[in-house]
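> all I have is the shape, not the residue letters:
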């Protein structure tokens, strides 16, 4: 094995160990929260020294962003496989958009820990005033949602099921932010007023999706 090949093997092994550390960091964040977690906690969970941890990651922020990316890749991106199935491709554009928005129902029902983590992640990023360019790797991963919705809207404009004057960006940002915020409120804050208990969370999400589709569809 020449020097270049050896370097490739070592780099690959290092990336593997870094990913294992990120898995451990996720468990630490779930237990104590992102803001309260320390590099020493993550090192202890990973059974490595703090100095070794800093050789893998320069800052806690780098770990937080890496953990968020892994959670999206491994828990959420897999849901997008259905959008390549023949049954999905037979739907018109408006029907495709509804199927994509229904992912928020699945997130709320099956992945509450991810939605909780994402709320704490957003708060941490704002509090620490992390520059947007530092989030580029994470943003590239979550762009699956944007690409899927844009594609479905364009199909709908072509097949006549969606209004041509719809602004893709405005619809995407407004709808996904509204659905994500509602999911997080239902999971993290639950019911505050007595009247809140009268309407189940899934009904609220379904109603919000219906409102978005009434705005979008012809």
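Looks like it came in fine. The structure displayed is predicted, hence computed values, not measured ones. Numbers count the residues shown, from 1 in each chain.

> quick one: buried residues of the helix or strand hosting residue 169?
Using DSSP states H and E, residue 169 falls within helix 168-188. Neighbour-count burial for helix 168-188 flags 168, 171-172, 175-176, 178-180, 182-187 (criterion: 16 or more other Cβ atoms under 10 Å). Just so you know, the C-beta spots here come from the backbone N, C-alpha and C atoms, and that holds for glycine as well.

> hmm, who's touching that helix?
For helix 168-188, the external contacting residues (Cβ atoms under 8 Å, 6 or more residues apart in numbering) are 101, 104, 107-108, 112, 115-116, 118-119, 145-146, 149-150, 153-154, 201, 204-205, 208-209, 212, 215-216.

> in the helix or strand hosting residue 7, what counts as buried?
Element membership for residue 7 (DSSP H and E) is helix 3-32. Within helix 3-32, the residues that count as buried by 16+ other Cβ under 10 Å are 18, 21, 22, 24, 25, 26, 28, 29.

> same question, stretch 45-63
For stretch 45-63, burial by neighbour count (16+ other Cβ under 10 Å) applies to 45, 46, 48, 53, 56, 57, 60, 61, 63.

> same list (these) but as TSV, adding pLDDT and secondary structure.
Formatted as TSV, the buried residues of stretch 45-63 follow (pLDDT from 0 to 100; DSSP: H, G, I helix; E, B strand; the rest coil):
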residue	pLDDT	secondary structure
45	96	helix
46	95	helix
48	94	coil
53	95	helix
56	94	helix
57	94	coil
60	94	helix
61	93	helix
63	95	helix
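
> residue 4: which of those is nearest?
Checking the buried residues of stretch 45-63 against residue 4 by Cβ to Cβ gives residue 56 as the nearest, at 22.3 Å.

> nearest residue to the closest one other than its sequence neighbours?
In this structure, residue 56 finds its nearest non-sequential neighbour in residue 18, 4.8 Å apart by Cβ to Cβ, 6 or more residues apart in numbering.

> pretty sure residue 26 sits against residue 73.
No. Residue 26 is beyond contact range of residue 73, at 12.0 Å (criterion: Cβ atoms under 8 Å).
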